[in-house]
Every structure is written in C-alpha cells, then in structure tokens.
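Asker: how does the following fold in three dimensions:
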Amino acid sequence: MSMRGISWDNVKCFIATARAGSLTLAASTLKVSPATLSRRLSTLEAEHGRLLFARTPAGYVLTKDGRNFLEACETIEHDFATLESLIKTEGNEPSGTVRVAVSENIANLILLPRLAGFIKRNSLIEVELLTGSQSIPLHGREADLAIRLSVPESGAFKVRTVGAVHHALYASTTVIRDDKADDLGIIGWSEGNEELPIAMSSKAHPLYHNNPKVRVSSLQGHVSAALAGLGAAYLPCIVGDGYSDLVRVEGPKGYLRQDIFLIMHDDNIEIPQIRVVADFLVKAIGEAKKELKGV
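Answerer: Numbers count the residues shown, from 1 in each chain. You can find the predicted model right below:
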C-alpha cells in the first residue's frame, strides 16, 4: 500500500468514523454532512485500494484492512499531536492539554483538592481527568497518562508504582448500634462485576452471605447501601473513612491491598507538560498515603 496521494483530511474522517462506529455520529463530531463524510470515506478507500469498512445495519464496522490502517493512522496522529505540542510550548514553560485516565474516587478525593495549586504554578497546562465507569483504553491514545490498580498486559508503556490502597469493612452507625451486622452480612456485587478484586475479597469474608439481599454495581452504590443500613460494605479506607455515619468494623490489616500504578506511553516521557503532570500525580498520591492506608 502506498500513502502517495492520500488526503490527510480523509484520513481524519476515517479515524473519526472508526472510533464512532457510526457515520451519523462521526459526521456530527466533524461538523460535516453524512453525505460528505460518506464521499470522503469512499475516496479514501479508492486511494488506499482496500475496503476499510463493512457497511452494516448496526453501523460502520472495520474490516481487517481497516483495523491495520487505523493502527498506522493513530501512530501518525500521535506524532502530529506531539509535534503540535512541542511547537506550542512557549519558552521553557510547559503548555497544552494533558488527559489523565483515573478512577472517580482518586480523582475526587486526591487529585481535585490539590489541582488548584498545580494550575496556579503551571498556568499554561490544562488537565483533563477522564473518570468514566469503564477503563479508558490507553492503546488508542485516548489518555496521555493513567492512574490504575492494574497494569496493561501488553504495549509500550512505562509503569511506576506510586502508592497502595487498603480496604476495610464498614457499616452504618445504626447497624452497629442495633448489633445487626452479622445478620445483614456484606453487600454483594451485581453480575458482571464478580471478578473484580474487591468483589472476590468481600465474597471470601466470613460475614458474606451466599445470597446477599442487596447487590449493586458501583462503589458509590455500596456506600449508599451501607449508609441505608442494608449491610456492611467492603470499601477502600479513603472512601469509607470519609463518611461520619459509617463505622469501620474490621481492617485494614488482613484485608485487600492494591498497588496504585502510574502508566504512561514510552514516547510521552520527554513531553514537558506530560512529565510535569506525572510528577504532580506522584506527589498528590504520596501526600494521601495515610488516607489510602486507613491509618
């Protein structure tokens, strides 16, 4: 395949459609009509000499050639973004947007309370925290950095252990006062979440009932269920200790402990604004060490 004659504008249309999986959604993102986008994609396929999409009733699905082409395009896209970032740097002061994939709890309880000071010291940097319920994929460059409790199974990443989060068992003051913790047991995780380390650890606890009366699918749901007196919740200490109406029943000794990892692309390490944000993340998590340990 030769790249000679291929329009980069058409390639950007291809990338947007591949990520959206829908001509209509991609057209909306690019602010063009679906007809214009369809024409650009057809032109690109003619230039490329391969069918890149299978047009199905469910949307635009990448063919094998399309998947290979997307991988090559994303590499080029990243190189352009890196070049643009370097060009925008004013003097020696880092600038630009840095996207950080992180859990909502770490974002809300550790990073956001410390972010104002960081922004004051680095006024040309914008930080975007991506806290969706699903893990943000790193291979597609959706994020520049990630704070996670697990490491990628493959890929060119630099991984650093920056801390650890400890867990304990919590129940509402009402449940403790009425001595009902043993009767109610531990709140369960809903189907589809049972392989999570926290779900498996709570299930292994002696207080866990084989058929919990309540199952929820989010950590905040476990907090709310515990506050409502529906059972005990197996929680990270930094979360459980933040609620005055929750009492630590047991732990953290002998309970789940998970390392916290900073993950970044190998080729991002030398980009000034990414390096500065990475240093901030390490410092922020280090400052929250006691809260994470529950001491």
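Asker: ranges for the helices of the stretch 101-250 of the chain?
Answerer: Counting by DSSP state H, counting those that start in this stretch, the stretch 101-250 of the chain has helices at residues 104-106, 112-121, 173-177, 181-184, 197-203, 219-227, 237-240.
Asker: list the contacts of the fourth one.
Answerer: In this case it means helix 181-184. Identification of contacts with helix 181-184 by Cβ atoms under 8 Å, 6 or more residues apart in numbering yields 171, 175, 207, 213, 229-232, 249. In this view, the C-beta of every residue, glycine as well, is placed from N, C-alpha and C.
Asker: out of those residues, which end up buried?
Answerer: 171, 175, 207, 229-232, 249 (16 or more other Cβ atoms under 10 Å).
Asker: need these in a markdown table with distance to Met264 and pLDDT, can you?
Answerer: Below are the buried ones among the contacts of helix 181-184 laid out as a markdown table (distance: Cβ to Cβ, whole Å; pLDDT from 0 to 100):
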| residue | distance to Met264 | pLDDT |
| --- | --- | --- |
| Ala171 | 39 | 94 |
| Val175 | 43 | 90 |
| Leu207 | 40 | 83 |
| Gly229 | 43 | 92 |
| Leu230 | 40 | 92 |
| Gly231 | 39 | 90 |
| Ala232 | 37 | 92 |
| Val249 | 38 | 92 |
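Asker: farthest pair within the contacts of helix 181-184?
Answerer: Lys213 and Val249 (17.6 Å; Cβ to Cβ).
Asker: which residues sit in contact with Ile260?
Answerer: Residues counted as contacts of Ile260 (Cβ under 8 Å, 6+ apart) are 106, 147-149, 161-165, 285, 292.
Asker: avg pLDDT for the helix or strand containing it?
Answerer: In the assignment (DSSP states H and E), Ile260 maps to strand 257-265. The predicted model assigns strand 257-265 a mean pLDDT of 93.
Asker: and for stretch 44-64?
Answerer: Regarding stretch 44-64, the rounded mean pLDDT is 89.
Asker: the strands in the stretch 51-200 of the chain, which residues?
Answerer: 53-56, 59-62, 96-101, 125-130, 145-148, 157-172, 188-189 (DSSP state E, counting those that start in this stretch).
Asker: would you format the ones you listed as TSV with distance to Leu25 included?
Answerer: Listed next are the strands of the stretch 51-200 of the chain as TSV, based on distance: least, Cβ to Cβ, whole Å:
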stretch	distance to Leu25
strand 53-56	14
strand 59-62	9
strand 96-101	20
strand 125-130	19
strand 145-148	25
strand 157-172	29
strand 188-189	32
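Asker: residues near Ile15, how many?
Answerer: Number of residues near Ile15 (other Cβ atoms under 10 Å) recorded here: 19.
Asker: wait, what's in contact with it?
Answerer: Applying Cβ under 8 Å, 6+ apart, we find Ile15 in contact with 70, 73-74, 77.
Asker: let's see 10 Å
Answerer: 26, 30, 69-70, 73-74, 76-77, 140 (Cβ atoms under 10 Å, 6 or more residues apart in numbering).
Asker: quick one: secondary structure of it?
Answerer: Under DSSP: H, G, I helix; E, B strand; the rest coil, Ile15 falls in the helix class.
Asker: same question for the one 3 residues further on.
Answerer: At Ala18 the chain is in helix, as set by three-state DSSP.
Asker: what's near enough to touch the closest residue to it other than its chain neighbours?
Answerer: Leaving aside its chain neighbours, Ala18 sits nearest to Leu70 (5.0 Å; criterion: Cβ to Cβ, 6 or more residues apart in numbering). The neighbours of Leu70, taking Cβ under 10 Å, 6+ apart as the test, are 11, 14-15, 17-19, 52, 62, 77, 140.
Asker: follow-up on the earlier one: which of the strands of the stretch 51-200 of the chain sits closest to Tyr255?
Answerer: Across those, Tyr255 has its closest neighbour in strand 157-172 (4.6 Å, Cβ to Cβ).
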